[in-house]
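Student: turn this into a model:
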Amino acid sequence: QVQLVESGGGLVQVGGSLRLSCVASGRPVVSLSMAWFRQAPGKEREFVSSVNWGTPTTDYADSVKGRYTMSRDSAGNTVFLEMNSLKSEDTAIYYCAAKVDGMTRASSDYRYWGQGTQVTVSS
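Tutor: Numbering: from 1, shown residues only. Now for the predicted structure:
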C-alpha cells in the first residue's frame, strides 16, 4: 500500500506562483512513477504532469508546458510541482497519483491517489 499526502495549495493572483509537494510512503517509492492530475468544478479530471520511475523523464500537458515543472527529490519519496505564470483556468483541485512501472497520462492507470489540494487563481 502507498500513502500520498499533498500540500502547498492556496490562493494566488493571476501571474503568480505556487509549489505543490507530494510525499509518498508505504513501499519502495523509487519503483513508482508519479503524476499530478487536476479537476476543476464541473470538469473531468485531467492529466497535468508525470515523472517516470528510476529516471528524471517528465511529461507535461500542453496547457502547462513551459509554466509548470515537476521534479523529484534524491530519495525519490517526494515530488514537487512548481507552477509559474498561473492563469485563472489553472484553478482546480490538484491530485498526486502513483503507479508501478512507467508513467502514463491516463488517470485510470494510477492505483494510488492523494486527497488533493486546492489551487485557486484569482484575477
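Student: ok, and what's touching the helix or strand encompassing Ile93?
Tutor: If you go by DSSP states H and E, Ile93 is part of strand 92-100. Contacts with strand 92-100, where a contact means C-beta atoms under 8 Å, 6 or more residues apart in numbering, come from 2, 4, 6, 9, 20, 22, 24, 29, 31-40, 43, 45, 48, 53, 79, 81, 107, 109-114, 116-119. Quick note: C-beta positions are derived from backbone N, CA and C, even for glycine.
Student: rounded mean pLDDT for the helix or strand just after that strand, please.
Tutor: Note on strand 92-100: by DSSP H and E, the next helix or strand toward the C-terminus is strand 112-113. In this model, strand 112-113 has a mean pLDDT of 96.
Student: can you check stretch 33-44 too?
Tutor: 96.
Student: for it, measure first residue to last.
Tutor: Stretch 33-44 has its terminal residues 22 Å apart, counting by C-alpha to C-alpha, to the nearest Å.
Student: fine by me, we can end here.
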